[in-house]
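Participant: Model the structure of this input:
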Amino acid sequence: DGETIIHKGKLISGDIEENVVAKIDVNRRIATARNHTATHLLQAALRELLGEHCHQSGSLVEPERLRFDFSHSKPLTDEELLEVERLVNDSILSDIPVDIYECPYEEAMEKGAMALFSEKYDEIVRVVEVPGVSRELCGGTHINRTGEIGMFIIISETGIASGIRRIEAITGTSALEYIQHQRNIMSEILSSLNCPKEKVLDRIESLLEQIKGLKREKEQLALTASSANITKIIENAPQVENSRLIVHRFNEMTRDVLFKQLDIIKSNLPSGIAVLFSKTADDKVAIIAYVTEDLRLKHSISAKDIVVEIANVVSGSGGGRDDIAQAGGKDVDKIDDAVEEAKRLLARLMVR
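Facilitator: Purely as a prediction, here's the structure:
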């Protein structure tokens, strides 16, 4: 008749006596109830703040967390998330009694109860109501008063489909443990930075500026050191029909510094091709190619075609113009193979 609840279990060991007593994990049940009632408060807060177009499109309630999917066309701003969090916690702090009762479906709808469009309901339905805040048709477990939730913290807000957003949050003990963990992290940061809490942002900004300065100094040193070798690099490059074919790998440098190396080569290369390589700080491969105008016209050589072909060796891709092009690659271990491939490629291009 649809009114009998049957629990299925598996005997792990021992014998089944004539009478069996089933027990629930009370702490787990209470934690689940906290999160379930919190989803009702969350939906009410979203509809109050964003509008009545926000409808539940899915949810997950576990002892450790809750997940709530709802209809909304764009990501929530940081300010909106804070306001949603505040509205839910205001309802918690108000310690409102949670009323659970049964009534005819039509009566519940007349009272403004929320229902899932995908669900089919019996004539008599179960209503979970937080007076003045939320009223929903629901058959799940809930706490007796909103104050039992303890606290509500939003962990993330993401998009999962077109027009559907997802909020993940925690309550009760999980929320307390989260705050304690964040406090421990802050203590470690303060200890490492050796500054009071109110100065931590200033200290971080100062360190970031120092790091930027050191990076600029490193780039300048690298540029100065390598610039002295540019003449030798050009002179040592093989020559075909008075055109230099330069293929060179620099030590670790940024793409910007690599372009500066190319600028120096360009000013000292009447005719030729230059293909420059470097490993970047983020463990990637940077490739830059340059072709002088005479070779572009005489041999139809394109810098773009060069980087696109070479980038395949390092699992990358590239693009640009016929005169200057660049590429990036993921496979740093293959950078020497790419250098050799570049040498072979330029030799082939010059004889066609």
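
Participant: can you pull up the bridge partners for the residue lying closest to residue 285 once chain neighbours are set aside?
Facilitator: Leaving aside its sequence neighbours, residue 285 sits nearest to residue 329 (C-beta to C-beta, 6 or more residues apart in numbering; 3.6 Å). (Each C-beta comes from the backbone N, C-alpha and C, glycine too.) For residue 329, the beta-bridge assignment (DSSP bridges) gives partners residue 285, residue 316.

Participant: For residue 329, the count of nearby residues, please.
Facilitator: Residue 329 sits with 25 neighbouring residues when counted by other C-beta atoms under 10 Å.

Participant: Likewise for residue 204?
Facilitator: 13.

Participant: what do you get for residue 346?
Facilitator: Per other C-beta under 10 Å, the neighbour tally for residue 346 reads 25.

Participant: that older thread, what's the separation between the residue nearest to residue 285 and residue 235?
Facilitator: Taking C-beta to C-beta, to the nearest Å as the criterion, residue 329 is separated from residue 235 by 28 Å.

Participant: next helix or strand past the longest strand seen in the chain?
Facilitator: Among the segments of the chain that qualify as a strand by DSSP state E, the longest is strand 152-161. Toward the C-terminus, strand 152-161 is succeeded by strand 164-171 as the next helix or strand (DSSP states H and E).

Participant: picking up where we left off before, thinking the residue nearest to residue 285 is in contact with residue 338, fair?
Facilitator: Yes. The pair residue 329 and residue 338 passes the contact test of C-beta atoms under 8 Å, sitting 7.2 Å apart.

Participant: Need the residues touching each of these two.
Facilitator: Counting by C-beta atoms under 8 Å, 6 or more residues apart in numbering, the common neighbours of residue 329 and residue 338 are 285, 287, 311, 313-314.

Participant: Let me know the closest of these to residue 325.
Facilitator: Within the shared contacts of residue 329 and residue 338, the smallest distance to residue 325 is 8.6 Å, found for residue 287 (C-beta to C-beta).

Participant: Show me what whichever strand or helix holds the closest one is packed up against.
Facilitator: For residue 287, the element it lies in under DSSP H and E is strand 285-291. Other elements packing on strand 285-291 under the criterion 3 or more C-beta pairs under 8 Å, 6 or more residues apart in numbering; DSSP states H and E are helix 255-267, strand 272-279, helix 303-311, strand 316-320, strand 324-329, helix 335-350.

Participant: tell me the mean pLDDT over it?
Facilitator: Computed over strand 285-291, the mean pLDDT rounds to 96.

Participant: And the contacts of the longest strand of the chain?
Facilitator: Strand 152-161 is contacted by residues 38, 41-42, 65, 69, 75-76, 81, 84-85, 88-89, 92, 165-171, 175, 178-179 when judged by C-beta under 8 Å, 6+ apart.

Participant: From these, list the buried ones, please.
Facilitator: When neighbours are counted using 16 or more other C-beta atoms under 10 Å, those contain these buried positions: 38, 41-42, 65, 69, 76, 81, 84-85, 88-89, 92, 165-167, 169-171, 175.

Participant: mind giving me the domain split of the protein?
Facilitator: Per automatic domain parsing, the structural domains of the chain span 26-190, 226-350.

Participant: Could I get the ones you listed in CSV, plus columns for distance to residue 213?
Facilitator: Converted to CSV, those look like this (distance: least, C-beta to C-beta, whole Å):
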stretch, distance to residue 213
domain 26-190, 22
domain 226-350, 15
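
Participant: Which of these has the lowest mean pLDDT?
Facilitator: Summarising mean pLDDT across the domains of the chain, the least confident stretch is domain 226-350, with a mean of 91.

Participant: I'd say residue 148 and residue 34 touch.
Facilitator: Yes. Residue 148 sits in contact with residue 34 when judged by C-beta under 8 Å, with a separation of 6.5 Å.

Participant: The two: which is more packed in?
Facilitator: Set side by side, residue 148 and residue 34 show unequal neighbour counts under other C-beta under 10 Å, the larger going to residue 34 at 28 against 17.

Participant: longest helix in this structure, by residue count?
Facilitator: helix 200-236 (DSSP state H).

Participant: next structured bit after that helix?
Facilitator: Beyond helix 200-236 on the C-terminal side, the first helix or strand identified by DSSP H and E is strand 239-240.

Participant: partners of the helix or strand that that following strand is followed by in the sheet?
Facilitator: Under the assignment DSSP H and E, the closest C-terminal helix or strand after strand 239-240 is strand 243-250. Take DSSP bridges as the rule and strand 243-250 pairs in its sheet with strand 239-240 (antiparallel), strand 272-279 (parallel).
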